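Engineer: Curious how this folds, go ahead:
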Amino acid sequence: MLILGGNQLAGGYEVDNSLRFDDGSSDYLYRIGGTATDGKKFTYSAWFKRSEIGGGNELFCIYSSNTNRLFLRNNGDTFELVLLGGFGSTTEQFRDPSAWYHFVIACDSTQATASDRGKWYLNGELIMTGSISLNQVFPHGQSTPYFIIGNGRYNGAFYTQYWDGYQSEVCFIDGQQLDPTSFGEFDEDSGIWKPIDVSGLTFGNNGFYLPFENSAALGQDDSGNGNNFTVNNLTSIDQTTDTPTNNFATFNPLSKNDAGTVTFSNGNLTTAHTGTDSRYTSYSTLAVTQGKWYAEFKYDASSGGSDMMVGIGDLPEVENLNRQGNRLGQAGNTVGYYSGDGFKYVGPSDTASAYGNTYTVGDIIGVALDLDNGYVYFSKNGVWQNSGDPESGASGTGGISFITGNPFIIASSHVTTSSRTTTYSGNYGNPPFSISSGNSDGNGYGNFEYSVPSGYYALNTKNLAEYG
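Structural biologist: Purely as a prediction, here's the structure:
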C-alpha cells in the first residue's frame, strides 16, 4: 500500500489547506446536528498526518448517547474504529510522521449482506468490515448528534483525547454510502492514492465539507449546508499549507534517543529539551541531496544559559549524533551555528571558529543550504552573518563549506547537558509562531519572516519534485 509521504506527485487536484491540532492546547471543533437525511446511511472521509507517535487521540467522533456513538482514534500506533460494537483495530501500523493518510468509513445498514453494511478504507483499499445490525440507525440519525473533529465525547461531556497532528479535506455525507473513489484516486504513474475534488458531492442534511480555507472561520462548512463548526482553541496560526498534495517538512519525532526529556508540539514544529543526560538534535523529516533550501528557526525560551544551535548535517551522521547524545559539529559531516558565542562548529573534529553574532530568546535564525555548491549560510533576524551571500554560487561568499553526497537535513540542536530546558521552533514553511511580514519562496510556497534568497526553496514535496 502506497502512502502520501515524501511523494513527488505533480498535477491534478490541489488541496490548499490543512488544520494543525496540538493535544497540549486542547484543540478541537464541534457542532450539534439536526434531522438527518437518512440515519441508516453515511460516509466519512478525511486526510490526516500524525504528529504524536503512540498515545491515544481521537480523530473524529459522532455522539448521540453512550450506546450509540462512532469514534475513530489512534490506539498506540494502530487505529481503532468503534461503531455500535462493530469494527475494531487495524493491523496496519501508522508510525510515519511525514506521511499523509486517508480514511473512508462508509455505512448502510439497509444492505441485505452483512459485510456490505459497514466498510472502512485506508488509502483507497478496504481494510475492515463491521458487524452492524440490519436497519440500524446510526448516531448522526439520532436526536442532538454531536459531530466532533479532534476529540471525543462520553457521558454527555467532551473527552480529553485531543488529536495531535494535521487534518485536511474532512467530509461527512448524510444519506449515502459512497466508495473511496468519491474522494480520491490512484495516480496513474506512481500508483499513490491522492485527493480529488469533492465540492460536487451531495452532502445531505447533516453533511459537511471542511477545507479549512478561511483562517478567520476555521470551522466553516463549504458543502452549501452552512453546518459550521464551533472552534475550540484553534487560531489562524493553525491553518497550514501542509497538505496531501504538498507535504511540508516538520521535525522528526522518531529521532529521539531520550524520550523522557524531549517533547514535540505544534505539529512537530516546536521541540523542548531538558538537558539532564544528553544533547539532542531535532531535524527535518524531508532530506535533500541537491538544490538550494531555506528554513527559519525561532529561539522560543530557555530556563537559563544559551543552549540553541542551528545547522545542517549529513542525515546518517546526525542520526548517529543523537544516538551518542552529541550535537551538531561534534562528529561527522555536520555544521552548527551556536547561540552562546556566535561561533561556527564544524565536524567531524568540532572545529570552532568565529563566525557571527550571538543570539537569544526571540531571535530568528535563517538557514540557506546550497547543496549544488556545498555551502551553508546563516542569518540572524534577516542579516546574513559573516557577510554571507547565499546567492554567490560557486564562490561561496561568507559561507561555510561541507562535503556533499549523502542526503542532508536542516536541524537545530540543544547544546547543554545541564538541567535546563530549551524550547525552539522550526519553520519549514508553515510557522507555529506569528509572522509579522510574510515571505514565500520563488514558487510561492511557505510563509517566512524574512526574504527567501533567490533560487532557494521551502522543504516540501512540490519543490522536491522540481529541484530535489
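Engineer: Can you read off the pLDDT for the residue lying closest to residue 224 once chain neighbours are set aside?
Structural biologist: In space, and not counting its chain neighbours, residue 224 is closest to residue 203: 7.3 Å by Cβ to Cβ, 6 or more residues apart in numbering. (C-beta placed from N, C-alpha, C; glycine too.) We have a pLDDT of 98 for residue 203.
Engineer: Counting neighbours, what do you get for residue 203?
Structural biologist: Residue 203 is flanked by 23 other residues according to other Cβ atoms under 10 Å.
Engineer: quick one: contacts for it?
Structural biologist: Listed by Cβ atoms under 8 Å, 6 or more residues apart in numbering, the contact set of residue 203 reads 171-174, 209, 223-225.
Engineer: Check residue 391 too.
Structural biologist: Counting by Cβ under 8 Å, 6+ apart, residue 391 touches 453-455.
Engineer: Any chance of these in a markdown table with distance to residue 331 as columns?
Structural biologist: Below are those laid out as a markdown table (distance: Cβ to Cβ, whole Å):
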| residue | distance to residue 331 |
| --- | --- |
| 453 | 29 |
| 454 | 33 |
| 455 | 31 |
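Engineer: so which of those residues is the most crowded?
Structural biologist: Counting neighbours by other Cβ under 10 Å, residue 453 leads these with 22 neighbours.
Engineer: Distance check, it against residue 441.
Structural biologist: Remark: distance between residue 453 and residue 441 (Cβ to Cβ, to the nearest Å) = 9 Å.
Engineer: joint contacts of the two?
Structural biologist: Counting by Cβ under 8 Å, 6+ apart, the common neighbours of residue 453 and residue 441 are residue 294.
Engineer: Tell me the spacing between residue 117 and residue 59.
Structural biologist: Residue 117 is 22 Å from residue 59, by Cβ to Cβ.
Engineer: whoops, residue 36 was the one
Structural biologist: 21 Å.
Engineer: Name the residues of the worst-scoring helix or strand of the chain on mean pLDDT that are buried.
Structural biologist: Least confident helix or strand, the chain: helix 315-324 with a mean of 87, by mean pLDDT, DSSP states H and E. In terms of neighbour count (16 or more other Cβ atoms under 10 Å), helix 315-324 has its buried residues at 315, 317-319, 321-322.
Engineer: and it, what does it pack onto?
Structural biologist: Counting contacts by 3 or more Cβ pairs under 8 Å, 6 or more residues apart in numbering; DSSP states H and E, helix 315-324 is packed against strand 280-283, strand 334-338, strand 408-414.
Engineer: Could you spell out which stretches of the protein belong to which domain?
Structural biologist: 18-240, 253-467 (automatic domain parsing).
Engineer: how far does the longest one sit from the chain's center?
Structural biologist: Here the centre of mass of C-alpha atoms in domain 18-240, compared against the chain's by Cα atoms, centre = their mean, to the nearest Å, lies 18 Å away.
Engineer: How far does that domain stretch from one end to the other?
Structural biologist: Using Cα to Cα, to the nearest Å, one end of domain 18-240 lies 5 Å from the other.
Engineer: quick one: residue 237 is in a helix?
Structural biologist: Yes: counting by DSSP: H, G, I helix; E, B strand; the rest coil, residue 237 is located in a helix.
Engineer: tell me the SS of the nearest residue to residue 387 once chain neighbours are set aside?
Structural biologist: Distances taken as Cβ to Cβ, 6+ apart place residue 398 nearest to residue 387, at 4.6 Å, with adjacent residues excluded. Secondary structure state of residue 398, per three-state DSSP, is coil.
Engineer: Sounds good, over and out.
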